[in-house]
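Undergrad: give me the fold of what follows.
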Amino acid sequence: MAAGGFCKLPTGSVVVALNLPMPTADGTGSVRVLVHAQNRARALTRLRNLGLRAVYLRGNASPPTPDEITAVLHHPDGLIWRTAPDNGVATGPELAQELWRPIRALLRRPAAQA
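TA: Modelled structure (predicted):
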């Protein structure tokens, strides 16, 4: 499992951030996924229910930044993603231009080519 972490909010809920391999045919690159849930176990269950079965959170090496927390709290689904940089660091000017996307856009299967 790649870097990940969590942050407990004053309301008692948590925001979990995970860097996962890109679920594409070639498997290159990675994505930063943010989940808002009542606790860490429920956050991971939300991802597993979407088909990401091998998702685990070990440690708190890469917790969500304040900007990431704000982004996931303002999204109606509380589950968003964007591509992660190659160096595994989830902050920096290279990510400032990329928008967060709903998880449906990541898990959507491309149409079959005939």
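Undergrad: which neighbouring elements make contact with the helix or strand harbouring residue 19?
TA: Element membership of residue 19, judged by DSSP states H and E, is strand 14-21. Helices and strands touching strand 14-21, by 3 or more CB pairs under 8 Å, 6 or more residues apart in numbering; DSSP states H and E, are strand 4-8, strand 30-37, helix 40-49, helix 66-73. (Glycine included, C-beta is placed from N, CA and C.)
Undergrad: now those as CSV including mean neighbour count and mean pLDDT?
TA: Output for these, formatted as CSV (neighbours: other CB atoms under 10 Å; pLDDT from 0 to 100):
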stretch, mean neighbour count, mean pLDDT
strand 4-8, 18, 95
strand 30-37, 23, 93
helix 40-49, 16, 93
helix 66-73, 16, 95
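Undergrad: okay if I get the ones you listed as CSV plus distance to residue 22?
TA: Listed next are those as CSV, based on distance: least, CB to CB, whole Å:
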stretch, distance to residue 22
strand 4-8, 16
strand 30-37, 6
helix 40-49, 15
helix 66-73, 18
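Undergrad: quick one: average confidence on the strand holding residue 19?
TA: The average pLDDT within strand 14-21 is 92.
Undergrad: tell me who's in contact with residue 64.
TA: Going by CB atoms under 8 Å, 6 or more residues apart in numbering, residue 64 touches 5-7, 15-17, 34, 72.
Undergrad: let's see that with 7 Å instead.
TA: 5, 7, 15, 17, 34 (CB atoms under 7 Å, 6 or more residues apart in numbering).
Undergrad: dump the residues you listed to JSON lines, plus distance to residue 63.
TA: Converted to JSON lines, the contacts of residue 64 look like this (distance: CB to CB, whole Å):
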{"residue": "5", "distance to residue 63": "3"}
{"residue": "7", "distance to residue 63": "5"}
{"residue": "15", "distance to residue 63": "8"}
{"residue": "17", "distance to residue 63": "6"}
{"residue": "34", "distance to residue 63": "11"}
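Undergrad: separation between the residue nearest to the spatial centre of the chain and residue 53?
TA: Closest to where the C-alpha atoms of the chain average out (CA atoms, centre = their mean) is residue 33, at 0.6 Å. Remark: distance between residue 33 and residue 53 (CB to CB, to the nearest Å) = 14 Å.
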